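*Asks:* Task: produce atomic coordinates for the following.
(2 chains)
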Protein chains: 2
Amino acid sequence: MKIYDSQLAPNPRRVRIFLAEKGIQVPYEQVDIVSGANRSPEFRKKNPMGTVPVLELDDGTCIAESVAICRYFEELYPEPPLMGRDARDRALVEMWQRRMELHVFLPIAQVFRNCHPFFAGRIRQVPEWGQVNREWALEALAWLDQELATRPFIAGDAYTIADITALCGIDFGRVSDIRIQPEQKNLKRWYDEVSSRPSAKA
Amino acid sequence: MKIYDSQLAPNPRRVRIFLAEKGIQVPYEQVDIVSGANRSPEFRKKNPMGTVPVLELDDGTCIAESVAICRYFEELYPEPPLMGRDARDRALVEMWQRRMELHVFLPIAQVFRNCHPFFAGRIRQVPEWGQVNREWALEALAWLDQELATRPFIAGDAYTIADITALCGIDFGRVSDIRIQPEQKNLKRWYDEVSSRPSAKA
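*Replies:* The predicted structure is shown next:
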């Protein structure tokens, strides 16, 4: 078993943090996404989408998509639960995880993809779309600050995959100058707490 | 328990089909998304994102996000499994479900949101982004046609939530004139099969 990884991209970090929280060790192989090794025909045999991370099992099965990889390990190693403890809880964690993905992580990624020089010439950039997403991302941080006034973590009393997605999204926002504002004290309290966990260094 | 639903939107249909496949009956309450009832302060207490569907439990808990609602019912009523049978299978189904969401359903929805008159004045439309997504959606259908040469359903030998997401996305493409092409025979074979299941009428 191994994971095709990149230290430069925010999605692989989600999996690394998830595994660090579980105390699971998996060998990582770095993929050079700057040179485009992830778009090679060879890599696309593992993941036709050409993205990292990809978990390759010993039988050759390749599991792509960060959350799918996390779910695999959650099923095999349920403790500590990072995706909920029972049916209702698991649905609520998934709801929050998806909200973090769709309203925090994805808009921040869209700003990067559509406005950053890294992607110039690699994809067809639409800077206006990047600007719309910048506004959405900033609105999402303001909303999240309000939500975090009522509970310690994104999905409730426990640290979950929703916190991991939000943390990786917000940290990735720095390259596009999307940052937590000084008045967002609940969000800052949460951010400091999840950032100080050892897993955040993964 | 009830589900806040709209017969007009593609996401609520994902949940209706999922429940029909399981043989589960839940009362539905229609939300008038044309007049914007889903954006009202009252509805936002149930789902701050202002989207349907929302599952309201008898204790008042509200679960938003289609896949989170589906997971709740999958946990309570595991048969027939629509999200996989074991850890590896569940991860692969989730991988395919997310690929259908990110590469089929989402681009098709982006074309609608950014190019269709329905959203003019409701959101800031970026038509160029709609055009980029139209190309991606058409590329995704061509890719899916190749994938379906090797197996009956999106995620393998069994019908799963990945088929539901793809079906609802492709059907929603019609309003933006995104359609299966005559030469895409594998995709057409799959489409005819999943469309003829009784659940597709849900």
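*Asks:* from here on, contacts and neighbour counts on C-alpha atoms
*Replies:* Fine.
*Asks:* tell me the domain ranges of chain A?
*Replies:* Under automatic domain parsing, the residue ranges defining each domain of chain A are A:2-76, A:87-201.
*Asks:* and the first one, how far out from the chain's middle?
*Replies:* If I follow you right, that is domain A:2-76. Domain A:2-76 sits 12 Å away from the centroid of its parent chain (Cα atoms, centre = their mean, to the nearest Å).
*Asks:* Spell out whether that domain and chain B are in contact.
*Replies:* Yes - Domain A:2-76 lies within reach of chain B by Cα under 8 Å from any Cα of the partner chain, at A:63-65, A:67-69, A:71-72, A:75-76.
*Asks:* list the buried ones in stretch A:74-94?
*Replies:* A:74-75, A:81-84, A:88-94 (16 or more other Cα atoms under 10 Å in any protein chain shown).
*Asks:* How far off centre is it?
*Replies:* Once both centres are worked out by Cα atoms, centre = their mean, stretch A:74-94 turns out to sit 17 Å from its chain's centre.
*Asks:* what about that stretch, start to end distance?
*Replies:* One end of stretch A:74-94 sits 13 Å from the other (Cα to Cα, to the nearest Å).
*Asks:* now swap in stretch A:20-34 and tell me
*Replies:* Per Cα to Cα, stretch A:20-34 runs 25 Å from first to last residue.
*Asks:* which residues are contacting that stretch?
*Replies:* Stretch A:20-34 is touched from outside by A:1-7, A:19, A:37-38, A:52, A:77, A:79-80, A:198-199, A:202, with contacts defined as Cα atoms under 8 Å, 6 or more residues apart in numbering or on different chains.
*Asks:* now, which of the residues of domain A:2-76 next to chain B lie within strands?
*Replies:* A:63-64 (DSSP state E).
*Asks:* Pull out the buried members of the residues of domain A:2-76 next to chain B.
*Replies:* A:63-65, A:67-69, A:71-72, A:75.
*Asks:* can I get those residues in JSON lines with pLDDT?
*Replies:* Listed next are these as JSON lines, based on pLDDT from 0 to 100:
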{"residue": "A:63", "pLDDT": "98"}
{"residue": "A:64", "pLDDT": "98"}
{"residue": "A:65", "pLDDT": "98"}
{"residue": "A:67", "pLDDT": "98"}
{"residue": "A:68", "pLDDT": "98"}
{"residue": "A:69", "pLDDT": "98"}
{"residue": "A:71", "pLDDT": "98"}
{"residue": "A:72", "pLDDT": "98"}
{"residue": "A:75", "pLDDT": "97"}
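*Asks:* Report the contact partners of residue A:75.
*Replies:* residue B:87.
*Asks:* In which helix or strand does residue A:4 reside?
*Replies:* strand A:2-5 (DSSP states H and E).
*Asks:* pLDDT of the very next helix or strand once past that strand, averaged?
*Replies:* Scanning forward in sequence from strand A:2-5 by DSSP H and E, the next helix or strand is helix A:10-22. Averaged over helix A:10-22, pLDDT sits at 98.
*Asks:* Can you list the strands that the strand holding residue A:4 pairs with?
*Replies:* For strand A:2-5, the paired strands and their directions (DSSP bridges) are strand A:28-30 (parallel), strand A:54-56 (antiparallel).
*Asks:* so what's the residue of chain A positioned farthest from its centre up against?
*Replies:* Relative to the C-alpha centroid of chain A, counting by Cα atoms, centre = their mean, residue A:59 is the outermost residue, at 26.7 Å. Taking Cα under 8 Å, 6+ apart, we find residue A:59 in contact with no residue.
*Asks:* Checking it next. Helix, strand or coil?
*Replies:* Taking DSSP: H, G, I helix; E, B strand; the rest coil as the rule, one finds residue A:59 in the coil state.
*Asks:* Give the other helices and strands that the lengthiest helix in chain A contacts.
*Replies:* Using DSSP state H, we find that the single longest helix of chain A is helix A:127-147. With contacts defined as 3 or more Cα pairs under 8 Å, 6 or more residues apart in numbering or on different chains; DSSP states H and E, helix A:127-147 has these neighbours: helix A:106-115, helix A:185-195.
*Asks:* pLDDT of the first one, averaged?
*Replies:* For helix A:106-115, the per-residue pLDDT values average out at 97.
*Asks:* go on, the last one?
*Replies:* Here helix A:185-195 scores 98 as its mean pLDDT.
*Asks:* Could you give me the buried positions within it?
*Replies:* Result for helix A:185-195 [16+ other Cα under 10 Å]: buried residues A:186-188, A:190-191, A:194-195.
*Asks:* what's the answer for the first one, then?
*Replies:* For helix A:106-115, the neighbour count (16+ other Cα under 10 Å) marks A:106-115 as buried.
*Asks:* And the contacts of it?
*Replies:* Contacts for helix A:106-115 (Cα under 8 Å, 6+ apart): A:119, A:124-127, A:129-131, A:133-134, A:136-137, A:169-170, A:172-173, A:175-176, A:178.
*Asks:* which of the residues you listed count as buried?
*Replies:* A:125-127, A:129-131, A:133-134, A:136-137, A:169-170, A:172-173, A:178.
*Asks:* out of those residues, who's nearest residue B:45?
*Replies:* residue A:136 (19.8 Å; Cα to Cα).
*Asks:* and the closest one, what pLDDT?
*Replies:* 97.
*Asks:* separation between the closest residue in space to it that isn't next to it in sequence and residue A:178?
*Replies:* Once flanking residues are discounted, residue A:136 sits nearest to residue A:107: 6.7 Å by Cα to Cα, 6 or more residues apart in numbering or on different chains. Going from residue A:107 to residue A:178 by Cα to Cα gives 11 Å.
*Asks:* Check residue A:145 too.
*Replies:* Taken as Cα to Cα, the span from residue A:145 to residue A:178 is 15 Å.
*Asks:* Same check on residue A:191?
*Replies:* Distance from residue A:191 to residue A:178, by Cα to Cα: 14 Å.
*Asks:* same question, residue A:161
*Replies:* Taken as Cα to Cα, the span from residue A:161 to residue A:178 is 22 Å.
*Asks:* what's near enough to touch residue A:155?
*Replies:* A:92-93, A:96-97, A:162-163.
*Asks:* er, residue A:176 actually
*Replies:* Contact analysis of residue A:176 by Cα under 8 Å, 6+ apart lists A:108, A:111-112, A:116.
*Asks:* swap the cut-off to 7 Å and go again
*Replies:* By Cα atoms under 7 Å, 6 or more residues apart in numbering or on different chains, the contact list for residue A:176 reads A:111-112.
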